[in-house]
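Visitor: A predicted structure for the sequence below; I have some questions about it.
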Amino acid sequence: MVADAAAKLVYFSVFDPSLAPSEECAGDQICYFHPNTTPANYQIRQVGLAQALINFTTSFSPHRPCEIVHTKLHRIAMIQPEPSYWIIIKVGLPTPARDAMELPDLVLQKLLWKAYNAFKLLNKSFAHVNTSQSPGALRQRLDEFYSAYLAKLPLYLSHPDLISSLDTLHFLPLYRAPYLQTLSLVQDLEARFANIAATLVLWKHHLVSSGLNDLVHLKSFYDYITDPETGKIADGVVSMVKPKGEPVISSRPTTLRSNASALAAQSPSALLFSALSPRSSKFTGFIVPALGETIAGTTTSMSIHPKKLYIGPDAEEMFLVVYQYRDDLTIVLFISSEHQTAVQDRGFYTALRTFFDSKLPTLASVISDGCSRTTKSSEYTDQHYRYLYYNAANLAFKTSIGSYKTAAITPEIVQCMNELHEDFESPVLNLTETCVRSVSEFWIIGRKSQGREFYLVLSKPEMTLLDVDEEMQKLTHTHFPNIFLD
């Protein structure tokens, strides 16, 4: 039998037990099931099994029923994101059995929450669609959304690592002057256009500043707009002002593999498109909403249909405006639904463009220079150390892994880092520092303090535990001061 090198999706389902008051209508509780070719009896049996596990474990733990099920060949994870609604996923483990631990439980749980938050960003909630429209409309919306969303899961399941486990934002490290200049532009912009509720500034896939206070929804939007699979022009969110299939923004890394490995994993058609479609000029203009602009800059008289998103803990309805300057600098505006007339007025976009034309060239130059300075200052560290830093307080994330050939890591090290992170997350262990020497004679040290996590990989088998600790102290004190204060 040929071994499967990666975990595979068996099924994904959304169900609401309240829709099936009796066994005779058990199938009515299934709002969505993937793959849709699965026989109805199998769907009912799997969802019924999940219900039984939930009901049984609730009697022992009312506030935290069954979340993960382990079998020899599969992993099952389930969450309840809304009252009455459940999401469940079943994944086939890699074979041979010794590779089964390469799919951490935390990855599956994060995957389900990301899938839910992505739907919530565009649709508010399952209950909202159900009550404001109908159960049939909810089933249709779930099918339209998740059939496309789940197409990217094989990539994440094949390379589960800390990027999959952590909620991360790739902030752009800037010195004080360019950062303050960015904030100054945002203040001027929001003072000039009072209907703007929040502003995001991105440089390529890096977040420079954010006016969204809710990190969950900031993360959901950031993931969507920078994802190499969903963040495309022809996805129904953004307009067709760039060549079809081109990312809206420079796509963020999704694994700890090296850039070369990541490129090799892309589809041949994507690589062919890149090779045959060189860009002669960089794009400047509105990406959202569609204003009828072309790459040449001409504008049609088509009507404007603003895009709605649901932002914040109360899922407030917002209109989305995205403007990009020369591909690299992206300004994202969130406008309250109270100002629908303004966002449908072409004059509003004319005024915005006039403002951006006068401000963004200077800001882009300042950020570019600042980015070059910070890159040079960290170049030695990134080339000579393999590290990963994460701050749960603001989701900030930085790593040298995969950036340089010398900073590549093996699957064994990835797996070890996954396990260290799960140990840090365990309330029973309550660890703050741990050090491991791998079979291949790598040292891996992890430290956690006040929501911050730092991992360092050292390929020096002759080092003692004392040497490893000294190396960690030297790196953090020199290049990451004020991370560990206790």
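Guide: It's in. Numbering: from 1, shown residues only.

Visitor: next one: stretch 106-116 to chain centre, how far?
Guide: Here stretch 106-116 is found 10 Å from its chain centre; the criterion is C-alpha atoms, centre = their mean, to the nearest Å.

Visitor: Could you export it as CSV, CA atoms only?
Guide: This file holds the C-alpha atoms of stretch 106-116, laid out as CSV (Å, rounded to 0.1, in the frame of the first residue of the first chain):
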residue,chain,number,x,y,z
LEU,A,106,-4.4,22.9,18.1
VAL,A,107,-4.0,23.2,14.3
LEU,A,108,-7.4,21.6,13.8
GLN,A,109,-9.2,23.8,16.3
LYS,A,110,-7.6,26.9,14.9
LEU,A,111,-8.6,25.8,11.4
LEU,A,112,-12.3,25.5,12.5
TRP,A,113,-12.3,28.9,14.1
LYS,A,114,-10.6,30.5,11.1
ALA,A,115,-13.2,28.9,8.9
TYR,A,116,-16.0,30.3,11.0
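
Visitor: outside of that stretch, which residues touch it?
Guide: Stretch 106-116 is contacted from outside by 12, 67-68, 75, 77-79, 81, 87, 89, 91, 146, 149-150, 153, 156, 160, 164-167, 220, 223, 418, 421-422, 425, using C-beta atoms under 8 Å, 6 or more residues apart in numbering. Heads up, the C-betas are built off the backbone N, CA and C, glycines and all.

Visitor: Stretch 433-451 now?
Guide: If you take C-beta under 8 Å, 6+ apart as the criterion, stretch 433-451 is touched by 391-393, 410, 412-413, 416-417, 420-421, 423-424, 431-432, 453-461, 463, 465, 468-469, 472, 476, 483-486.

Visitor: Can you say which of the contacts of stretch 106-116 are buried?
Guide: Buried members of the contacts of stretch 106-116, scored by 16 or more other C-beta atoms under 10 Å, are 12, 67, 75, 77-79, 81, 87, 89, 91, 146, 149, 153, 156, 160, 164-167, 220, 223, 418, 421.

Visitor: Looking at these, which are in helices?
Guide: Among the buried ones among the contacts of stretch 106-116, DSSP state H puts 146, 149, 153, 156, 164-165, 220, 223, 418, 421 in helices.

Visitor: can you redo these as CSV with pLDDT and distance to residue 339?
Guide: Putting these into CSV (pLDDT from 0 to 100; distance: C-beta to C-beta, whole Å) gives the following:
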residue, pLDDT, distance to residue 339
146, 93, 31
149, 87, 30
153, 79, 37
156, 72, 37
164, 70, 38
165, 73, 39
220, 88, 23
223, 84, 26
418, 85, 45
421, 88, 43
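
Visitor: gap between stretch 449-457 and the chain center?
Guide: Counting by C-alpha atoms, centre = their mean, stretch 449-457 is centred 20 Å from the centre of its parent chain.

Visitor: Could you list the low-pLDDT ranges of the protein?
Guide: Applying pLDDT under 70 to the chain picks out residues 1-5, 96-102, 155, 159, 228-281, 292-302, 402-408, 482-486.

Visitor: can you pull out the strands in the stretch 301-450 of the chain?
Guide: Taking DSSP state E, counting those that start in this stretch as the test, the strands found in the stretch 301-450 of the chain are 307-311, 316-325, 329-336, 386-391, 396-399, 433-437, 443-449.

Visitor: out of those strands, nearest to residue 49?
Guide: Of all the strands of the stretch 301-450 of the chain, it is strand 307-311 that lies closest to residue 49, at 32.5 Å by C-beta to C-beta.
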